[in-house]
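> quick check, what structure comes out for this input:
(one chain, ligands or ions: 1)
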Amino acid sequence: MTQDIRQRMLLEMQQKAAFDDARRAAYAYADASFERNVFPTQQALDDLRHFDEPLPADPGDAQQILRQLHEFGSPATVAQIGGRYFGLVNGGVIPATLAVRWLTDFWDQNTPLYLASPVASRLEEVTEGWLRDLFGLPDSTVAGYVSGSSLSIFCGLAAARQRNFTAMGWDINRKGFIDAPRLRVVAGRQAHATVSKAVALLGFGTDNVEWVAADAQGRIETAALPELDASTILILQAGNVNSGAFDDFATLGQRARAAGAWVHVDGAFGLWAAAAARLQHLTRSIELADSWSFDGHKTLNTPYDSGVIMCRDRDALVNALHAAGAYITYSKQRDGMLHTPEMSRRARIFELWAALKYLGKSGVDELVDGLHQRARQFADELAQQGFEILNEVVFNQLLAACDSDAETDTTIDLIQQSGECWVGGTSWQQRRVIRVSVCSWATTEADVTRSVRAFVAARAAAREK
Ligand SMILES: *Cc1c(COP(=O)(O)O)cnc(C)c1O
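Below is the predicted model of the structure:
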């Protein structure tokens, strides 16, 4: 590196002009986000051509880079922090967690070991205890902090695989699957796509899963559950990604316990029902499970990305994920990499810790309950306008349909184009449906009513076509 560029970087750290610019741009962005079109306009999408340039031959200018990103990048974002984005299951963002992120961005901590970041290690431990308490999980439960549920499901099933094989006297890490005794995987037909991905990555093969029939809401039919045994991994769901439905954890969990099977709960967004007094009935008996995966970036509204694996059997999780090397110095304190597949990892714990510290128990309850209330309002107002609601709105998800599949699909397109709100489509019980996920603290009653108006206008235009 030339002396020149190091001098410039030192100066940028000292003078902070680019950081001041970033702050101003971020504030302008935030102020516009609550009112602007939710999806980028055609103009904004066309302007992305400004990024089509060759890799610069020489160093550039920090402030100029930031200007370009704000001018052409900000308008081409989805207005995710406002109150009218209802696609996927995307949480908004709690301001206090963004502020914490700004500070901790300067810390630039890496989190594999206590020795790499004592503060991250301590807050991972503190937050682990808070989460155990909030969800009512067993005292032995440990947490690993990963990028999202895709990975935390993988970790839960890796721990399950470890424990079940160990019980059969088979060291899966060393011997792999060749000549291994057979493990069984049992899951509901409506399990999330990332469950299938984890099953595939871990070498079970999706064809070998014993898929159990689901009812009209997407819950496992308890009567259809096969006989379980100690070689079985049973995968349950807290919050179906379309309907929001919850499996019957009491019945299924008791059967699994009696058989010695491992139970993993995919609770990406739904596990948070356990932290809301009026919704707790949905997650009754989740403590019977062995591992639980969920996100901070959905229901809890932390910044991206934030997923958590919790596992009652620390040895199973650590033996499944741990690595050794002469330069890796484990300590008596918490070493994060024992609980995650990654070694180097960003310190996402600061934002998760801050979200829980900021909201407290009553704030989490209010946040989760509020999402449910807005979803109920959405469903009620849509039903009044003649849309058919296809699911029981037990949590934050609702599925609405027009008179025909074609009308539903055109209506979805027109809602998206309107910029008034954003919803996606999906198939449910052989029908095309509009899929609404209320997942942001920022969604107000007025946002819902305004969005319903956009639905009605889009359907009217669809009928004209
Ligand atoms: C979103 C979701 C996932 C995947 O989570 P990511 O955080 O996107 O990786 C898994 N299961 C369910 C039920 C989900 O809603």
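> residues contacting the residue of the chain found nearest the ligand?
Closest to the ligand within the chain is residue 148: 2.6 Å, counting by CB to the nearest ligand atom. Glycine gets a C-beta too; all of them are placed from N, C-alpha and C. If you count contacts by CB atoms under 8 Å, 6 or more residues apart in numbering, residue 148 has them with 268, 295, 297, 305, 306, 307.
> surely the last one and residue 154 touch.
Meaning residue 307. No: Residue 307 lies out of contact with residue 154 (CB atoms under 8 Å); the separation is 10.0 Å.
> flag every buried residue along stretch 122-134.
The neighbour-count check on stretch 122-134 (16 or more other CB atoms under 10 Å) flags 123, 124, 125, 127, 128, 130, 131, 132, 134 as buried.
> same question but for stretch 45-58, I mixed them up
Within stretch 45-58, the residues that count as buried by 16+ other CB under 10 Å are residue 47.
> mean confidence (pLDDT) on stretch 93-112, please.
Averaging pLDDT along stretch 93-112 yields 97.
> quick revisit: reformat the contacts of residue 148 into CSV and put distance to residue 178, pLDDT and neighbour count next to each item.
Shown next, in CSV, are the contacts of residue 148 (distance: CB to CB, whole Å; pLDDT from 0 to 100; neighbours: other CB atoms under 10 Å):
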residue, distance to residue 178, pLDDT, neighbour count
268, 33, 98, 26
295, 35, 98, 27
297, 38, 98, 27
305, 35, 97, 16
306, 37, 98, 26
307, 31, 98, 26
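> the residues you listed in helices, which ones?
Using DSSP state H, no member of these falls in helices.
> around the ligand, pick out the residues from this structure.
Contact residues, the chain versus the ligand (CB under 6 Å from any ligand atom): 89, 148-150, 192, 194, 239, 241, 266, 268-269, 295, 307.
> redo that, cut-off 5 Å
When proximity is defined as CB under 5 Å from any ligand atom, the chain approaches the ligand at 89, 148, 149, 150, 192, 194, 241, 266, 268, 295.
> so which residue is smack in the middle of the protein?
When CA atoms, centre = their mean is applied to the chain, the residue found nearest the centroid is residue 295 (3.9 Å).
> if we can go back for a sec, need the buried residues of stretch 122-134 in TSV (columns: distance to residue 33 and secondary structure).
Output for the buried residues of stretch 122-134, formatted as TSV (distance: CB to CB, whole Å; DSSP: H, G, I helix; E, B strand; the rest coil):
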residue	distance to residue 33	secondary structure
123	29	helix
124	31	helix
125	35	helix
127	28	helix
128	33	helix
130	30	helix
131	29	helix
132	35	helix
134	29	helix
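> spell out the residue ranges of the strands in this protein.
For the chain, strands defined by DSSP state E occupy the ranges 142-146, 184-188, 209-212, 232-237, 262-266, 291-295, 307-311, 388-389, 397-401, 424-428, 431-437.
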